[in-house]
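Model the following, please.
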Amino acid sequence: MDHFDHAFELEQALAAKGDTVRLDAVRDPARLADIHHIRQGDPLGLGHAVLCARHHVGDQPFAVLLGDDLIDPRETLLSRMPEVRDRHQGSVVALMEVPPEQIHLYGCAAVEPSGEDGVVRVTGLVEKPSRADAPSRYAVIGRYVLDPAVFGILEDVPPGRGGEIQLTDALQELAAGGTVHAVVFDGLRYDTGDKADYLRTVVRLACDRADLGPEFTAWLKEFVAGLEGTGAERGRFAA
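Sure, this is the predicted structure:
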């Protein structure tokens, strides 16, 4: 919450120094949108978290963006999903094909063609299935454009996997009625769901930045070369 609020003391200090570049960077998060915060309270699942926002959302379609699932800002996934919703109505999820050995980490979709390139109709959803039970290699990633009808289902859906209210279970009920479509995404995505992937994401994004990338990449190449050398070289870089 603090990240998206004004940091008045810091802003005043930067303004007094005439540091307009950093002042703009500090102010940027508060300029993104009119942001409201709702606390979930207890970790009762993604479905429960979405349900907590019901009174704020009302009867309008809405987007859900999971913060540990980063989509490169140059991709058009989130702008395309509302367009698919406008054509097909109902709810729209994002799918990405993953290796079979990883499908147990995700919600998995059974799909059929929709007649539109890159868009499929979702006929079923399973939360984190075993490799043998997975209906496809299409994993649900953290972008959704949902119809408000999902709220009524979430109110009644029983706890699922892990004793949590699963958004996947509510979407499965909607999919059974033929009202869930998906955009198949094959662009740049960064999953920070575990420590190793978080570190890989930080390195990739740092290398890609115009202001940090050249210097950081040069250091990284030198650092990796040192890792491949002797123990003394590794110690030198660690120091």
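
Which segments of the protein make up each domain?
1-37, 38-191, 195-238 (automatic domain parsing).

what's the most buried one of these?
Across the domains of the chain, the average number of neighbours (mean count of other C-beta atoms under 10 Å) peaks for domain 38-191, which reaches a mean of 17. C-beta: built from backbone N, CA, C; applies to glycine.

Measure how far that one is from the centre of its chain, please.
On the basis of C-alpha atoms, centre = their mean, to the nearest Å, domain 38-191 sits 11 Å off its chain's mean C-alpha point.

mind listing what the spatially most central residue of the chain touches?
Geometric centre of the chain, nearest residue: residue 69, 2.8 Å, by C-alpha atoms, centre = their mean. By C-beta atoms under 8 Å, 6 or more residues apart in numbering, the contact list for residue 69 reads 141, 142, 143, 189, 190, 191, 192, 193.

rank the domains of the chain by pLDDT, which is bottom?
Comparing mean pLDDT across these, the weakest is domain 195-238, with a mean of 84.

Helices of the chain, residue ranges please.
Along the chain, the segments classed as helices by DSSP state H run 8-17, 20-31, 46-52, 54-57, 77-88, 149-156, 167-176, 195-208, 213-227, 231-238.

Alpha carbons of the third one, as CSV, please.
Think helix 46-52. This file holds the C-alpha atoms of helix 46-52, laid out as CSV (Å, rounded to 0.1, in the frame of the first residue of the first chain):
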residue,chain,number,x,y,z
LEU,A,46,-7.3,-17.0,-4.9
GLY,A,47,-11.0,-17.4,-5.3
HIS,A,48,-11.6,-15.9,-1.9
ALA,A,49,-9.2,-13.0,-2.7
VAL,A,50,-11.2,-12.2,-5.8
LEU,A,51,-14.5,-12.5,-3.8
CYS,A,52,-13.2,-9.9,-1.3
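
That helix - contacts with which helices or strands?
Judged by 3 or more C-beta pairs under 8 Å, 6 or more residues apart in numbering; DSSP states H and E, helix 46-52 is in contact with helix 149-156, helix 167-176.

Dig out what the residue nearest to the centre of the chain forms beta bridges with.
On the basis of DSSP bridges, residue 69 is bridged to residue 191.

Format the CA atom coordinates belonging to stretch 7-14 as CSV.
Output in CSV follows, covering the C-alpha atoms of stretch 7-14 (Å, rounded to 0.1, in the frame of the first residue of the first chain):
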residue,chain,number,x,y,z
ALA,A,7,6.1,9.5,-0.1
PHE,A,8,5.7,13.1,1.0
GLU,A,9,9.0,13.4,3.0
LEU,A,10,11.1,11.9,0.3
GLU,A,11,9.3,13.9,-2.4
GLN,A,12,10.0,17.1,-0.4
ALA,A,13,13.7,16.2,0.0
LEU,A,14,14.2,15.5,-3.7
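
Off-centre distance for it?
With C-alpha atoms, centre = their mean, you get 31 Å for stretch 7-14.

ditto for stretch 31-46
The mean C-alpha position of stretch 31-46 is separated from the chain mean by 14 Å, C-alpha atoms, centre = their mean.

which residues are contacting it?
Against stretch 31-46 from outside (C-beta under 8 Å, 6+ apart): 1, 4, 48-49, 52-53, 56, 66, 159-160, 162, 164-167.

ok so, going back, among the contacts of residue 69, find me the one that's closest to residue 20.
Residue 20 has its nearest neighbour among these in residue 190, at 30.3 Å by C-beta to C-beta.
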